[in-house]
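Student: next come a sequence and a model predicted from it.
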Amino acid sequence: MSDITMNPLDDASADPFAIAAEAAADIARLSGVERHDIALTLGSGWGRAAELLGETIATIPATDITGFTRPALDGHVGTVRSIRARDGRHVLVIGARTHYYEGYGVRRVVHSVRTAAATGASIMVLTNGAGGIKPTWQPGQPVLISDHINLTADSPLEGANFVDLTDLYSPRLREIARSVDSSLDEGVYCQFRGPHYESPAEVQMARIIGGHIVGMSTALEAIAAREAGMEILGFSLITNLAAGIQKTPLSHEEVIEAGRQAEPVISDLLARVIEAL
Ligand code: HPA
């Protein structure tokens with residue numbers, strides 16, 4: 001689907017942080033919640049976590065928030081929700097991810113993360129559905145992201161802004177996640193541009209350069225979250241073994257179906273991890 005609506009982020013002279021501040025003000029106005037503590041982006045398969053977290057205070061269509069882009073895909077929920085967790089913390093649940101492959105540029109990709117930071121959130125939880133490279137992994141398995149390799153050749157940072165990415169995926173938060181589920185394995189996430197899946201040779205390249213997970217999101221968002229000073233936790237649902245590792249061709253339907261099947265279990269896990277953060 002193409003988005004023909006004007007987006008203020010497309011004006012190169014506009015300040016993306018000012019637009020994120022406007023978006024945060026929209027969320028405060030539409031939800032009645034002044035500040036959020038934690039933000040969570042829901043990728044394929046993770047959609048049900050929100051309901052388990054607590055009481056939904058507001059569900060806002062993403063297109064009512066300044067700078068947000070209408071989602072390109074069925075199966076991706078185009079809303080931002082404000083949830084009050086059982087312990088009283090406010091969780092901003094972003095179900096409206098803009099992918100790099102949609103071609104709207106990296107400012108739009110990271111706008112939700114910058115907006116989350118502008119709402120006050122100090123922790124950014126990024127989730128996705130992805131292909132697995134480690135031979136011990138099975139479709140339906142959630143894994144932690146320990147680091148990333150950004151293969152988009154792009155960055156959300158503009159100008160001479162030399163942000164450090166050491167320990168980008170917080171060891172502290174990963175430890176907390178493992179205290180909830182000690183069986184959680186972890187791996188290095190490679191963000192490809194997409195929207196085509198990787199070729200088997202590209203999957204082998206990813207493996208050789210140190211990757212374990214292949215996908216089309218998250219790394220650019222994590223960089224923007226670090227720039228904004230947030231602590232980051234990343235989860236991938238392994239929806240399939242990566243191209244050439246699994247012997248059958250990949251399909252979007254397979255990815256969605258794996259997400260559907262894993263959803264109850266991983267959503268419960270995610271809700272318990274967020275409670276523990
Ligand atoms: N590659 C890239 N993105 C994906 C995959 C994959 O194998 N599975 C789900 N999203």
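Tutor: Perfect, thanks for sending it.
Student: roughly how far apart are the residue of the stretch 101-250 of the chain found nearest the ligand and K247?
Tutor: Proximity of the stretch 101-250 of the chain to the ligand (Cβ to the nearest ligand atom) peaks at G131, 2.3 Å away. Quick note: C-beta positions are derived from backbone N, CA and C, even for glycine. Distance of G131 to K247, computed by Cβ to Cβ, to the nearest Å: 14 Å.
Student: more neighbours, the two?
Tutor: Neighbour count, other Cβ atoms under 10 Å: between G131 and K247, G131 has more, with 29 against 6.
Student: now that one, nearest residue through space, not along the chain?
Tutor: A242 (3.6 Å; Cβ to Cβ, 6 or more residues apart in numbering).
Student: might one say that V214 is in contact with A206?
Tutor: Yes. With contact defined as Cβ atoms under 8 Å, V214 counts as touching A206 (5.5 Å).
Student: before we move on, back to that, part of a helix, is the residue of the stretch 101-250 of the chain closest to the ligand?
Tutor: No. G131: not assigned to a helix; according to DSSP: H, G, I helix; E, B strand; the rest coil it is strand.
Student: contact partners for it?
Tutor: 197-198, 203, 213-215, 238-243, 245, 250 (Cβ atoms under 8 Å, 6 or more residues apart in numbering).
Student: tell me how many other residues crowd Q138.
Tutor: 9.
Student: test my guess that it contacts N240.
Tutor: No. Contact criterion Cβ under 8 Å: Q138 and N240 do not qualify, at 10.1 Å.
Student: which neighbours do these two share?
Tutor: G132.
Student: wait, what's in contact with the closest residue in space to A258 that isn't next to it in sequence?
Tutor: Excluding the flanking residues, the one nearest A258 by Cβ to Cβ, 6+ apart is T239, at 3.9 Å. T239 sits next to S44, G45, G129, A130, G131, P139, G140, E254, V255, A258, G259, A262 when contact means Cβ under 8 Å, 6+ apart.
Student: I am finished for the moment; much appreciated.
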